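Undergrad: Pasting the sequence and the predicted coordinates here, then a few questions.
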Amino acid sequence: MAGHSKFANIKHKKAKNDAKRGKIFTKLGREIAVAIKEGGANPELNRKLADVIAKAKSNNMPNDTIDKAIKKAAGDKDGASYENIVYEGYGPSGVAIIVETLTDNKNRTAGNVRSYFTKGNGNMGTSGCVGFMFDKKGQIMIERSDDIDEEELLMIALEAGADDMKVHEEGFEILTVAEEFSVVNKSLEEAGIEMVSAEIKMIPQTLTVLEAEEDIKSMNKLIDLLEDDDDVQNIWHNWDE
C-alpha cells in the first residue's frame, strides 16, 4: 500500500504548473502541432495526438483551448518545423535524467540544456547513457473516493488493455504499454472516472535518494532551469523526491 509520495508529487507539480499555466499551455500547443503535422488532426486516427490531448486535459488545459490549438495547427501548413531531440545525463550524485525537447534550433537547445546540467552540478551524457534505466509506459493516477469501486475500476482498465493496476494509500495507479494508453484513458473517461494525471511517461526502474542538502538544492535548480526553457517538453528522472 505504499505510494503516498506519488500523489503528493503529482499535486505539487500541478500546483507549480498552475503558476506557469501560460507557458505549460504553449508547450502543449507545440506538442499538438507536431502530432498533427505527423499524423493529421483526427485523434481517432492519430494515436500520438490522442496521447497529447490526454496529457493536456490532465494539465487542466480547457477543452476549448485544446480545440483551438488543434484547429490552428490543422490550418497552419507552413508553420515552424520542430525537431524532437532527447538528451540524457546525470544530476547530482548520479541521478539519471532524460530531457525531451521540441526545437527549431538544435544548436541553441543543446547548448542551453548542457549549461543547465552544469549549473545543477550534473553533466550531460551521450544518447542512451541512462535511457535503459527507464520504461516507457502510460500512467494514469486516480484518487480514492466513495464513488470508485476498486474491482470495477480494475475490470474497466484491464478490459480496455491496461497491463496492471497498483493500489496505493491515496488511490490507484494504472499502467499500460504506450500503444494502449489512449484507449485505456478514453475508456476511463467514458466511465466518468476523474483522473489526477494521465500521460505517457518514462518510469524509472530504480530510484536514487539524495541525502546532502546541497545535492537536493542543485537538483531542484536543474529541474527549474529545464522547466523554464521553452524548448523543453518533458523531464524524467529517478530522483526519489
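TA: Happy to help now that I have it.

Undergrad: who's in contact with residue 143?
TA: Taking CB atoms under 8 Å, 6 or more residues apart in numbering as the criterion, residue 143 is in contact with 7, 170, 171, 194, 196. C-beta here means a position set from N, CA and C on the backbone, and glycine is covered the same way.

Undergrad: if we look at the helix or strand encompassing residue 101, which residues are touching it?
TA: Here residue 101 sits within strand 96-103, counting by DSSP states H and E. Contact with strand 96-103 is made by 27, 30-31, 34, 82-91, 109, 113, 117, 122, 130-131, 133-134, 202, 204, 208, 222, 226, 229, 231-238, as judged by CB under 8 Å, 6+ apart.

Undergrad: what's the offset of it from the middle of its chain?
TA: 11 Å (CA atoms, centre = their mean, to the nearest Å).

Undergrad: That one pairs with which strands, and in what direction?
TA: When pairs are called by DSSP bridges, strand 96-103 turns out to pair with strand 83-90 (antiparallel), strand 232-237 (antiparallel).

Undergrad: what's the following helix or strand after it?
TA: helix 106-119.

Undergrad: Can I get that following helix in CSV, CA atoms only?
TA: Taking C-alpha atoms only, helix 106-119 is exported to CSV below (Å, rounded to 0.1, in the frame of the first residue of the first chain):
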residue,chain,number,x,y,z
LYS,A,106,19.0,22.3,-32.1
ASN,A,107,22.3,24.1,-31.5
ARG,A,108,20.6,26.6,-29.2
THR,A,109,18.8,23.9,-27.4
ALA,A,110,21.8,21.6,-27.0
GLY,A,111,23.9,24.5,-25.6
ASN,A,112,21.1,25.5,-23.2
VAL,A,113,20.5,22.0,-21.9
ARG,A,114,24.2,21.4,-21.4
SER,A,115,24.6,24.6,-19.4
TYR,A,116,21.6,23.7,-17.2
PHE,A,117,23.2,20.4,-16.3
THR,A,118,26.4,22.2,-15.4
LYS,A,119,24.7,24.8,-13.3
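
Undergrad: by contact count, what packs against that helix?
TA: Packing contacts for helix 106-119, counted by 3 or more CB pairs under 8 Å, 6 or more residues apart in numbering; DSSP states H and E, involve strand 83-90, strand 96-103, strand 123-124, helix 213-228.
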